[in-house]
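Trainee: How does the following fold in three dimensions:
(one chain, ligands or ions: 1)
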Amino acid sequence: MWTEQDNKLCQSFEFADFRAAFLFMTQVAEIAEAMNHHPWWSNVYNEVMIKLSTHDAGDVVTEKDRQLAAAIDLLLENRPEA
Ligand SMILES: C[C@H](O)[C@H](O)[C@H]1CNC2=NC(N)=NC(=O)C2=N1
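Mentor: Modelled structure (predicted):
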């Protein structure tokens, strides 16, 4: 579940292994490019932590962040292995 902390929408995602985590990241990267809205994220092995905010609006959460979060949720809901 996304939580709002320090003007960012945050969520950590855990995958089976690094390969699955990196596949997720490549899929999110394509969505982010299409939306021209890019995540801050970190990855260690099977964990991806994402924090969304809008720099252009002064580093606060905007509708763009909510839309990217919703697109990420949809991506995970539609995973064949989910
Ligand atoms: C120039 C370009 O449109 C902007 O820098 C976009 C790109 N991606 C972005 N991503 C995020 N997360 N916040 C922004 O303000 C932002 N701005």
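Trainee: okay but residue 21 is in contact with residue 49, surely?
Mentor: No - applying Cβ atoms under 8 Å as the test, residue 21 and residue 49 come out as separate, 10.6 Å apart. Where C-beta positions appear, they are placed from N, C-alpha and C, glycine not excepted.
Trainee: where does residue 80 land in three-state SS?
Mentor: Put simply, residue 80 is coil when judged by DSSP: H, G, I helix; E, B strand; the rest coil.
Trainee: Contact partners for residue 7?
Mentor: Contacts for residue 7 (Cβ atoms under 8 Å, 6 or more residues apart in numbering) come out as 53, 59-61.
Trainee: separation between it and residue 51?
Mentor: According to Cβ to Cβ, to the nearest Å, residue 7 and residue 51 sit 10 Å apart.
Trainee: can you check residue 75 too?
Mentor: According to Cβ to Cβ, residue 75 stands 17 Å off from residue 51.
Trainee: Check residue 39 too.
Mentor: According to Cβ to Cβ, residue 39 and residue 51 sit 7 Å apart.
Trainee: If you count surrounding residues, which of these two has more?
Mentor: Using other Cβ atoms under 10 Å, the more surrounded residue of residue 39 and residue 51 is residue 39, with 20 against 17.
Trainee: Now do the contacts for the residue nearest to that one when sequence neighbours are not counted.
Mentor: Spatial nearest neighbour of residue 39, excluding adjacent residues (Cβ to Cβ, 6 or more residues apart in numbering): residue 50 at 5.0 Å. Residues near residue 50 by Cβ under 8 Å, 6+ apart: 10-13, 28, 39-41, 72.
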